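**Student:** Generate a structure from the sequence data that follows.
(one chain, ligands or ions: 1)
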Amino acid sequence: MPLLEVKELRTWFPVKKGLFGPTRYVKAVDGVSFTLERGEVLAVIGESGSGKTTLGRTVLRLIKPTGGKIIFEEKDITNTPESQLRWYRFSTAMVFQDPFSSLNPYHTVQYILEEPLILRGVPPEERHELVVKALEEVRLTPPEDFLKKYPHMLSGGQRQRIGIARALITRPKFVVADEPVSMLDVSIRAEMLSLMRSLQEKYGITMIYITHDIATAKYLSDKILVMYAGKMVEYGPFRDVIKEPLHPYTQALIEALPDPDPTNRFRIRKVPPGEPPSLINPPPGCRFHPRCPYAIKGKCEKEEPPFIEAKKNHFVACWLH
Ligand SMILES: Nc1ncnc2c1ncn2[C@@H]1O[C@H](COP(=O)(O)OP(=O)(O)OP(=O)(O)O)[C@@H](O)[C@H]1O
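**Tutor:** Numbers count the residues shown, from 1 in each chain. Coordinates of the predicted model:
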């Protein structure tokens, strides 16, 4: 049995034009499905505004879904009222993008790490030991040097280590990490992702890793889900998708990776750059068709491609397949 099953999930935000205007919807997540076994990591990839954060927050039930299903440990939590979600809150955690604003500036590192334990009723004598261990695990040593510090006394990388330690200190079963390295210096990103991978493996944590940068996903992913304008366009085992991307959008994301060979940097990209479409009024048919170099006239702009299993466990929504 998978730990998490997400079926046809939809999160639409109502927006009103004027006081008496009609209500329209920003379809931030529009029919996303995946499953996660215990200990698996799913990378969710897509450009800014494709709905990744909304997907992560909806799965954590920080946002109420508009439709679809979220099943965690065989329990349907799609519409469970907040008063009955305590156990789910205690089973899950989030690592945020911005280590500068996600930690309370008025609290010491010790309190920042202790707080989730206090909320769970862990007795004081156990808390100190857990905090020290958490600091050691994220390689902030010796821990005594950090306990009394405030976030502004730490570097960006150190703060994000605190963010990771805080998320993991309660041993959650499921974690959503939303762009956890995108605000950090490029030189420390790989190290931070490797640290997350080693802790994730050590504790068998199931994880969603959200990123716009497919290159960073290799450190931390078993599966990959590519989103475009609220829709999933490709989903499958990480290696298979990277080796043989089936959707022109995934191909474009992989092509856009910085290439260490300078002669390749000037290669003409297969996909012309462009803006992701409006999520209030997305293009009909395939949402990617206005940017797609392979769009089939009379087809792609009219009919939405179904999501099909093109190869074993490797799914795509594209009329080319
Ligand atoms: N509370 C809200 N009300 C209305 N629209 C929203 C709300 N939250 C998000 N959106 C819209 O939903 C769309 C998807 O946003 P989301 O943050 O999920 O995308 P993203 O892929 O995570 O992008 P980024 O990488 O920039 O965070 C955007 O158009 C955004 O403006």
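**Student:** The closest residue to the ligand within the stretch 101-250 of the chain: neighbour count?
**Tutor:** Closest residue of the stretch 101-250 of the chain to the ligand, C-beta to the nearest ligand atom: residue 212 (5.5 Å). From N, CA and C alone the C-beta is placed, and that goes for glycine too. The local packing of residue 212 (other C-beta atoms under 10 Å) involves 16 other residues.
**Student:** Going along the chain, name the helices of the protein.
**Tutor:** 52-59, 86-91, 109-119, 124-137, 144-147, 156-168, 186-202, 238-243, 248-255 (DSSP state H).
**Student:** list the contacts for the residue nearest the centre of the chain?
**Tutor:** Centroid-nearest residue in the chain, with C-alpha atoms, centre = their mean: residue 210, separated by 2.4 Å. The neighbourhood of residue 210, defined by C-beta atoms under 8 Å, 6 or more residues apart in numbering, consists of 43, 44, 52, 53, 55, 56, 176, 177, 178, 179.
**Student:** thinking again about what came up before, who are the contact partners of the residue of the stretch 101-250 of the chain closest to the ligand?
**Tutor:** By C-beta under 8 Å, 6+ apart, the contact set of residue 212 is 45, 46, 47, 48, 52, 179, 182.
**Student:** Distance check, it against residue 185.
**Tutor:** In this view, residue 212 and residue 185 are 17 Å apart by C-beta to C-beta, to the nearest Å.
**Student:** do residue 309 as well
**Tutor:** Relative to residue 185, residue 309 is positioned 40 Å away (criterion: C-beta to C-beta).
**Student:** contacts for the helix or strand of the chain with the lowest mean pLDDT?
**Tutor:** Lowest mean confidence among the helices and strands of the chain (mean pLDDT, DSSP states H and E): helix 248-255, at a mean of 88. Helix 248-255 has contacts (C-beta under 8 Å, 6+ apart) with 45, 214, 226, 228, 233-234, 241-242, 245, 267, 269-271, 288, 291-294, 318, 320.
**Student:** returning to that earlier point: got JSON lines for the helices of the chain, with mean neighbour count and distance to the ligand too?
**Tutor:** Shown next, in JSON lines, are the helices of the chain (neighbours: other C-beta atoms under 10 Å; distance: least, C-beta to the nearest ligand atom, whole Å):
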{"stretch": "helix 52-59", "mean neighbour count": "24", "distance to the ligand": "3"}
{"stretch": "helix 86-91", "mean neighbour count": "15", "distance to the ligand": "20"}
{"stretch": "helix 109-119", "mean neighbour count": "19", "distance to the ligand": "24"}
{"stretch": "helix 124-137", "mean neighbour count": "16", "distance to the ligand": "27"}
{"stretch": "helix 144-147", "mean neighbour count": "15", "distance to the ligand": "29"}
{"stretch": "helix 156-168", "mean neighbour count": "23", "distance to the ligand": "17"}
{"stretch": "helix 186-202", "mean neighbour count": "16", "distance to the ligand": "16"}
{"stretch": "helix 238-243", "mean neighbour count": "17", "distance to the ligand": "18"}
{"stretch": "helix 248-255", "mean neighbour count": "21", "distance to the ligand": "13"}
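**Student:** Least reliable of these by average pLDDT, please.
**Tutor:** Ranked by mean pLDDT, those end with helix 248-255 in last place, scoring a mean of 88.
**Student:** That one: how far from the chain's middle?
**Tutor:** How far helix 248-255 lies from its chain's middle: 19 Å, per C-alpha atoms, centre = their mean, to the nearest Å.
**Student:** What is the end-to-end distance of stretch 35-46?
**Tutor:** Using C-alpha to C-alpha, to the nearest Å, the span of stretch 35-46 from its first residue to its last is 19 Å.
**Student:** List the neighbours of it that are in contact with it.
**Tutor:** Contacts of stretch 35-46 (C-beta under 8 Å, 6+ apart): 2-6, 34, 52, 55-56, 173-174, 197, 200-201, 204-212, 214, 217, 220-228, 238, 253.
**Student:** Go ahead and measure how far that stretch is from the middle of the chain.
**Tutor:** 9 Å.
**Student:** what do you get for stretch 63-82?
**Tutor:** Distance, centroid of stretch 63-82 to centroid of chain: 18 Å (C-alpha atoms, centre = their mean).
**Student:** what residues does it touch?
**Tutor:** Stretch 63-82 has contacts (C-beta under 8 Å, 6+ apart) with 1, 3-12, 29, 31-33, 54, 57-59, 61, 85, 88, 91, 174.
**Student:** Filter these down to the buried ones, PyMOL style.
**Tutor:** Buried residues among these (16 or more other C-beta atoms under 10 Å), as a PyMOL selection:
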select buried, resi 3+4+5+6+7+9+10+11+12+29+31+32+33+54+57+58+59+61+88+91+174
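**Student:** Many thanks, have a good one.
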